[in-house]
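S.K.: next comes the sequence, and after it the predicted model I'd like to discuss.
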Amino acid sequence: MTTSTRGAAKTPAVLVLEDGRVFRGRAYGAVGETFGEAVFSTGMTGYQETLTDPSYHRQVVVMTAPHIGNTGVNDEDMESKRIWVSGYVVRDPARVPSSWRSRRTLDEELAAQGVVGISGVDTRALTRHLRERGAMRVGIFSGEAVRDDAVLLARVQEAPQMKGANLSAEVATTEPYVVPAIGEKKFTVAAVDLGIKGMTPHRMAERGIEVHVLPATATVEDVYAVNPDGVFFSNGPGDPATADHPVSVMQGVLERGTPLFGICFGNQILGRALGFGTYKLKYGHRGINQPVQDRTTGKVEVTAHNHGFAVDAPLDQVSETPFGRAEVSHVCLNDNVVEGLQLLDRPAFSVQYHPEAAAGPHDAAYLFDRFVSLMEGQRA
Ligand SMILES: NC(=O)CC[C@H](N)C(=O)O
């Protein structure tokens with residue numbers, strides 16, 4: 001529910017966590033109420049890409065960077081057609097955006113898209129709370145939605161959990177579409193959209209790949225109908241434990257031995273397709289400064305992350321799976337979480353983070369080249 005945004009800067013707002021902790025602030029964006037899973041992102045830039053990343057569906061994002069909105073909103077950096085976060089929490093929003101690309105303020109954009117936010121919150125204290133207690137449900141209430149804290153708390157405790165949520169179908173395309181290769185076309189890739197970010201097909205197109213983006217409901221037959229040289233499984237929201245359909249489609253692709261690449265949710269699906277479990281991290285990895293080691297080269301890369309779940313696979317041994325030997329190819333140096341998987345007997349690999357780097361460092365761009373090499377290898 002949202003109402004007018006006029007005078008929002010002075011409108012009181014309150015953020016209520018499911019464990020009863022309350023933060024008071026002012027309305028930011030739309031005025032009304034919203035619920036979701038409270039998570040924090042440590043990215044100092046790239047708020048526009050964060051807001052429009054479909055993987056954030058049903059999450060209330062807390063920004064640790066204190067100044068948000070400084071460069072306004074442009075028409076180029078969107079990762080999808082709309083903002084997906086269910087709520088937005090900032091400390092000190094920019095009053096006047098400054099960028100030659102800016103078309104409107106972030107406050108206006110949030111309001112226009114009906115996204116309820118809150119500003120004036122001590123986001124460092126909130127982040128420390130989430131880090132100690134773990135990601136949890138939250139509500140933001142502003143204007144007339146502000147009521148007695150106990151009443152609001154009861155509503156937050158009724159909101160749906162992220163664990164067990166099956167959300168890809170709510171964000172993915174319902175119709176297939178094609179992203180043409182830039183320059184000479186060298187390969188065709190079928191990309192299963194579980195909540196894909198726009199930069200991902202673009203990074204493939206830059207490498208001469210024609211990308212056929214397919215709905216999350218695509219079958220193995222739909223995938224092979226485009227006669228692909230490779231198959232890609234995208235990022236996406238929700239709990240990978242619910243993604244039974246994409247897991248079975250991926251198993252069909254692994255059986256045929258077509259080159260396969262997965263990002264984020266796609267990595268969790270590869271984990272499940274191989275027989276590994278997935279689990280919920282205490283508070284997840286979100287931001288653009290996460291150190292990851294590529295164990296195949298020993299190199300460390302600084303990478304963009306947005307994940308709340310992870311694959312449970314043994315770090316220091318090769319595993320026997322129904323599709324041959326598999327190993328953990330990448331690991332997060334902060335906490336040893338599995339950040340990548342690769343098969344040793346088939347052309348398939350995936351990473352838990354975001355080599356498309358929108359926003360973020362480009363250290364991991366080589367992974368798209370690895371996918372191209374797998375497709376070249378299959379042709380040779
Ligand atoms: N960006 C993603 O693909 C996220 C995957 C999954 N929803 C998670 O939170 O871990």
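M.R.: All right, it came through fine. Residues are numbered from 1 along each chain as shown.

S.K.: okay, CA-based contacts and neighbour counts for the rest of this
M.R.: Noted.

S.K.: regarding residue 284, what is its secondary structure?
M.R.: For residue 284, the secondary-structure state derived from DSSP: H, G, I helix; E, B strand; the rest coil is strand.

S.K.: and for it, the neighbour number?
M.R.: Neighbour count for residue 284, taken as other C-alpha atoms under 10 Å: 19.

S.K.: ok, and the closest non-adjacent residue to it?
M.R.: residue 308 (4.1 Å; C-alpha to C-alpha, 6 or more residues apart in numbering).

S.K.: look at that neighbour and give its secondary structure.
M.R.: Residue 308, by the three-state scheme (three-state DSSP), is strand.

S.K.: find the nearest non-adjacent residue to the residue nearest to the spatial centre of the chain, please.
M.R.: Nearest to the mean C-alpha position of the chain, by C-alpha atoms, centre = their mean, lies residue 55 at 3.5 Å. Taking C-alpha to C-alpha, 6+ apart as the measure, residue 55 lies nearest to residue 237, with 4.0 Å between them; neighbours along the chain are not counted.

S.K.: isn't the one you found right up against residue 169?
M.R.: No - using C-alpha atoms under 8 Å, residue 237 is not in contact with residue 169, being 9.6 Å away.

S.K.: shared neighbours of these two, which are they?
M.R.: Here residue 237 and residue 169 have residue 194 as joint contacts, going by C-alpha atoms under 8 Å, 6 or more residues apart in numbering.

S.K.: between those two, point out the one with more neighbours.
M.R.: Neighbours of residue 237 and residue 169, each counted by other C-alpha under 10 Å, are more numerous for residue 237; the result is 29 against 16.

S.K.: show me the contacts for that one.
M.R.: By C-alpha under 8 Å, 6+ apart, the contact set of residue 237 is 54, 55, 56, 57, 166, 167, 168, 194, 195, 265.

S.K.: what does residue 349 give?
M.R.: 260, 261, 262, 267, 270, 340, 341, 342, 343.

S.K.: now the fourth one, nearest residue through space, not along the chain?
M.R.: The spatially closest residue to residue 267, leaving aside those adjacent along the chain, is residue 350, at 4.9 Å (C-alpha to C-alpha, 6+ apart).

S.K.: for that neighbour, the count of nearby residues, please.
M.R.: Residue 350: 30 surrounding residues under other C-alpha under 10 Å.

S.K.: that one belongs to a strand?
M.R.: Yes - counting by three-state DSSP, residue 350 is found in a strand.

S.K.: any regions of the chain where pLDDT drops low?
M.R.: Using pLDDT under 70 as the threshold, the predicted model of the chain has low-confidence ranges 1-9.

S.K.: need the helices for it, in chain order.
M.R.: Taking DSSP state H as the test, the helices found in the chain are 47-51, 106-112, 123-133, 149-158, 168-171, 199-205, 220-225, 244-256, 265-273, 366-379.

S.K.: and of the ones you listed, who's closest to the ligand?
M.R.: Comparing the helices of the chain against the ligand with C-alpha to the nearest ligand atom, the closest turns out to be helix 265-273 (3.8 Å).

S.K.: packing partners for the closest one?
M.R.: Here helix 265-273 touches strand 230-233, helix 244-256, strand 277-294, strand 300-312, strand 338-343, strand 348-351, going by 3 or more C-alpha pairs under 8 Å, 6 or more residues apart in numbering; DSSP states H and E.

S.K.: can you give the strand pairings for the last one, parallel or anti for each?
M.R.: Spelled out, that is strand 348-351. Sheet neighbours of strand 348-351, with direction, are listed as strand 260-263 (parallel), strand 338-343 (antiparallel) (DSSP bridges).

S.K.: list just the one of those strands that sits closest to residue 190.
M.R.: With C-alpha to C-alpha, the closest approach to residue 190 among these belongs to strand 260-263: 9.7 Å.

S.K.: pull the CA atoms of that closest one into PDB?
M.R.: Below are the C-alpha coordinates for strand 260-263, written out as PDB (Å, rounded to 0.1, in the frame of the first residue of the first chain):
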ATOM      1  CA  LEU A 260      27.300 -25.100 -19.400                       C
ATOM      2  CA  PHE A 261      27.800 -22.000 -17.300                       C
ATOM      3  CA  GLY A 262      25.900 -20.800 -14.300                       C
ATOM      4  CA  ILE A 263      26.000 -17.600 -12.300                       C
END
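
S.K.: near the ligand at all, that strand?
M.R.: No - Strand 260-263 does not reach the ligand (C-alpha under 6 Å from any ligand atom); its nearest approach is 6.7 Å.

S.K.: same check on stretch 298-312?
M.R.: Yes - under the criterion of C-alpha under 6 Å from any ligand atom, stretch 298-312 makes contact with the ligand via 306, 307, 308, 309, 310.

S.K.: could you dump the residues you listed to CSV with distance to residue 110 and neighbour count?
M.R.: Below are the residues of stretch 298-312 next to the ligand laid out as CSV (distance: C-alpha to C-alpha, whole Å; neighbours: other C-alpha atoms under 10 Å):
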residue, distance to residue 110, neighbour count
306, 21, 25
307, 23, 24
308, 24, 20
309, 27, 24
310, 30, 25
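
S.K.: how about JSON lines for those, with distance to residue 105 added?
M.R.: Rendered in JSON lines, the data for the residues of stretch 298-312 next to the ligand read as follows (distance: C-alpha to C-alpha, whole Å):
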{"residue": "306", "distance to residue 105": "25"}
{"residue": "307", "distance to residue 105": "28"}
{"residue": "308", "distance to residue 105": "29"}
{"residue": "309", "distance to residue 105": "33"}
{"residue": "310", "distance to residue 105": "35"}
